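Chemist: What would the 3D arrangement of this be:
(chains A, B, C, D, E and F)
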Number of protein chains: 4
Amino acid sequence: MRPRTGDKRERILAAAVKVFAEKGFYCARVSDVAREAGVADGTIYLYFASKEELLRGLFEEHMRRIIDEVRGLVAEGGTPADKLSRVFSAYVRFAEENPDLAEVLTVELRESGKFMNEFAGPRFGDFLRVIEEIVLEGQEQGRFQRHLSARTVTRAMFGALDEICLAWVMSKRKWNLKRSGKELLEVFLGGLLSPEARAGADAVAPSQGEPSPRAAGHPSETSVNPPPWRNA
Amino acid sequence: MRPRTGDKRERILAAAVKVFAEKGFYCARVSDVAREAGVADGTIYLYFASKEELLRGLFEEHMRRIIDEVRGLVAEGGTPADKLSRVFSAYVRFAEENPDLAEVLTVELRESGKFMNEFAGPRFGDFLRVIEEIVLEGQEQGRFQRHLSARTVTRAMFGALDEICLAWVMSKRKWNLKRSGKELLEVFLGGLLSPEARAGADAVAPSQGEPSPRAAGHPSETSVNPPPWRNA
Amino acid sequence: MRPRTGDKRERILAAAVKVFAEKGFYCARVSDVAREAGVADGTIYLYFASKEELLRGLFEEHMRRIIDEVRGLVAEGGTPADKLSRVFSAYVRFAEENPDLAEVLTVELRESGKFMNEFAGPRFGDFLRVIEEIVLEGQEQGRFQRHLSARTVTRAMFGALDEICLAWVMSKRKWNLKRSGKELLEVFLGGLLSPEARAGADAVAPSQGEPSPRAAGHPSETSVNPPPWRNA
Amino acid sequence: MRPRTGDKRERILAAAVKVFAEKGFYCARVSDVAREAGVADGTIYLYFASKEELLRGLFEEHMRRIIDEVRGLVAEGGTPADKLSRVFSAYVRFAEENPDLAEVLTVELRESGKFMNEFAGPRFGDFLRVIEEIVLEGQEQGRFQRHLSARTVTRAMFGALDEICLAWVMSKRKWNLKRSGKELLEVFLGGLLSPEARAGADAVAPSQGEPSPRAAGHPSETSVNPPPWRNA
DNA sequence: GATGAATGAGCATTCATTCAT
DNA sequence: TATGAATGAATGCTCATTCAT
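Modeler: I've put the predicted structure just below:
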């Protein structure tokens, strides 16, 4: 019944994600987005004040969703390691399911400090804070090493995850991203867990459950995980 | 009136680093670079075929230097952990000493996959390969966990380091980057080292030399390491 | 304020004719054409892909019209001499009525062989072919001398007509072009007609109707037909 | 012994002819001319004040030679028809021997009225005047039709000759230009000669000396004189 | 004289944004 | 609301010309 008023805004945002991912924000023309969305150029300005506002809108919209989802995952409880595990999985799944969006958020987030500071910053900070709280919780519980800066570790985890996802997107999705996410989690937990926690049952040992996994290591691995670079 | 410092090509490259870092590649005007370099607009085109070639030149030039330096560090020998330690330190020092360049390399490296694949790719791949070889060596020696994908770990390390450095640059260098680099190394070695290696003397235990450092963790730490986000 | 006369594309083409005639294609700036047309610079690019395409468009448009008109004149029938007479008259009238256009077509047609061959060539060839057919017809009927190359004669007629018109245009229209056209026709028919045809009634004897016209020749003539050169 | 001071000027002029013929005056770069001449860009400015002066110099130089040559031919005496015959032959030979120069003089002479009026005009006028005098002489002697404007006829002859030569140059010299020149002369004399002169022995009847020349006319002719247009 | 690196005015073209319909 | 033709400021790049060597 509703004449899909909201629909058009969504179509524009979706088109923007696709076009920005393809050509980059600066190379993308507003008319490209309009064509992709099936609306007139001018129509975009009924919903967004400018091309930059369109990017900001895109950011706000999706980051809110992502943060909400991550908060939900954290609220499910469990050990901090469990929570991190869920967050890593969610992040990877998100990138797999929305590669264009992942690319835009990842790449454009960095383009221009001005941009980032002006509006990407706040939301992005919220996102990092949610993760940081998990790390802090782990440190308070004595499960994570206390002498590490939670902030640094958090940002590092984000950087690592983000880089892996970007590499995966840019390489045209040529390898198993889920598995990479699990390895990442394993590495970070390995580095984070305190000796006591490590001795206990807390550790999430993803691939260690399989006895003598892949003893030969990298040779066979190559076919499983094609190099993130070497795109040619 | 005209500064005679250094070769004109170098002056242009240096100016490009500064201007691109300030405004981003797309927002920077060629005439901005020219003014910064103290040359006429046209002069830039005597050394670079286009604005894009200027960026490419900047990339080539500096990546080569960085890779050479890293290779030198690796050639100094020692355990893989030692090598990683030196690489992490060098990377951090590089970012500290060339924040503008670090920002440009980091940010523009991501802008547009086309871009990356065309010319950033090769050099960037070389860089990653050098690190990957350290990881592979560690795995072959049984010091690093064999079941992890060296490629994934390598890319994750780069992503983490890069993110930390970018955060530091963007936050106007408000905290001790060297220390963050050491923590990063500790986390990754913690996740990488095999149980046997961990038991031995191989582990680089950066902050563990100080007995129970900063048991209170984050509260006091906050003032030491201001948040990487929260730029205001 | 904005003149609504005619279609915008037409206005731009008309402006281009005027500006190109005044300053020549290469010296004319696109913004000159825009100002003359009363549109914004960018508007021109809604109708023509480039400055060069604007010239091509101008060519196509007018040559088509001219060729159609000449074809119509030929279709009216009569002896080949009659047809040539009509074509010569039409050409002269066209130059008189569209001096700017005549100048552009004439001058730019020659500028650069690349140019000519690429797009002026086809239409221009069509134009010449129409005339050549008249000459061939005359030769077949035995009215025109058969040993002459129809092609050479055709091209010579075009060159002569064109030169006369250009001289007239460049001299600021200072003399009677129609009369020059008639003389030209007379000269060419004099050279073309076969002895038999000349003896018959076929010859168009333009000024011979007037008994011993202007026996004194050039002295008095000078004031009637000011020199085509000597523009001052 | 002379260090060839004049030599360099000649080399530059020759290079300019070649380059201007290839790319046209406006598309040719001064550095193209310099490279072709084997001198530095700046050197050109030791001999010519500007790019335009270079063109003007080229014009002056060659037109003077041409005019002198034509004057010499006229001074050889004979009937006006003989003189015209020699002039036509010389013009054609000139184009055959200097196609690049012919193209430049022909094409650039027309590009831009400003150009022509400012400096090409005078020399070009001299050239035409020499021919006009032949025509006037013929009219005074009663050999050429008196009622025709000598000026118009002269300009027409030039236009026709010029057009034929240009077509020949542009078509990559694909046919016999000398023969076309002879036909042109024949046509013009045919149109010019007064009935009395025609009856006498004055007429130059180029191909009529050969009995029943080419009775079949144009069919076989096609292979002799490939079409001036139809470049493809 | 000769050079060619450097200059910077000039211009074609793009594209975010507007607004009459 | 929606349109898309029109706008015109903005900018990468060219190239004739200069001048220190």
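Chemist: Is A:Lys174 part of a helix or strand, or is it coil?
Modeler: Three-state assignment for A:Lys174 (DSSP: H, G, I helix; E, B strand; the rest coil): coil.
Chemist: okay, now it: neighbour count?
Modeler: By the criterion of other Cβ atoms under 10 Å in any protein chain shown, A:Lys174 has 15 neighbours. Where C-beta positions appear, they are placed from N, C-alpha and C, glycine not excepted.
Chemist: Equivalent analysis for A:Lys18, please.
Modeler: For A:Lys18, using other Cβ under 10 Å, the count is 18.
Chemist: what about A:Val30, distance to DNA strand F?
Modeler: Noted for A:Val30: a distance of 9 Å to DNA strand F, by Cβ to the nearest atom of the strand, to the nearest Å.
Chemist: Which helix or which strand is home to the residue of chain A found nearest DNA strand F?
Modeler: DNA strand F sits closest to A:Gly42 of chain A, with a gap of 1.8 Å, by Cβ to the nearest atom of the strand. Using DSSP states H and E, A:Gly42 falls within helix A:41-47.
Chemist: Regarding the closest residue to A:Ala150 other than its chain neighbours, which helix or strand does it belong to?
Modeler: Closest residue to A:Ala150 apart from its sequence neighbours, by Cβ to Cβ, 6 or more residues apart in numbering or on different chains: A:Val135 at 4.3 Å. A:Val135 is part of helix A:121-140 when elements are defined by DSSP H and E.
Chemist: And for A:Ala81?
Modeler: helix A:80-97.
Chemist: Next, the angle from that helix to helix A:121-140.
Modeler: Interaxial angle of helix A:80-97 relative to helix A:121-140 (axes from the mean of the first three to the mean of the last three Cα atoms, to 10 degrees): 150 degrees.
Chemist: can you list the residues that contact helix A:80-97?
Modeler: A:66, A:69-70, A:73-74, A:76-78, A:102, A:130-131, A:134-135, A:137-138, A:141, A:143-144, A:157, A:161, A:165, A:168-169, A:173, A:177-178, A:180-182, A:184-185, A:188-189, A:193, A:202-204 (Cβ atoms under 8 Å, 6 or more residues apart in numbering or on different chains).
Chemist: how near is the residue lying closest to A:Asp126 once chain neighbours are set aside to B:Ala15?
Modeler: Nearest non-adjacent residue to A:Asp126, counting by Cβ to Cβ, 6+ apart: A:Ile67, 5.4 Å away. As judged by Cβ to Cβ, to the nearest Å, A:Ile67 and B:Ala15 stand 40 Å apart.
Chemist: same check, this time on A:Val33
Modeler: 34 Å.
Chemist: Neighbour count for those two, which is higher?
Modeler: Ranked by neighbour count (other Cβ under 10 Å), A:Val33 and B:Ala15 place A:Val33 first, with 25 against 21.
Chemist: State the distance from the residue most central in space within chain A to chain C.
Modeler: Centroid-nearest residue in chain A: A:Tyr91, 4.7 Å away (criterion: Cα atoms, centre = their mean). Using Cβ to the nearest Cβ, to the nearest Å, one obtains 44 Å as the distance from A:Tyr91 to chain C.
Chemist: before we move on, what about A:Glu133?
Modeler: Taking Cβ to the nearest Cβ, one finds A:Glu133 at 52 Å from chain C.
Chemist: That residue: neighbouring residues, count only.
Modeler: For A:Glu133, the count of nearby residues is 16 (other Cβ under 10 Å).
Chemist: In which helix or strand does the residue lying closest to it once chain neighbours are set aside reside?
Modeler: Nearest residue to A:Glu133, sequence neighbours excluded (Cβ to Cβ, 6+ apart): A:Val74, at 7.4 Å. Taking DSSP H and E as the criterion, A:Val74 maps to helix A:51-75.
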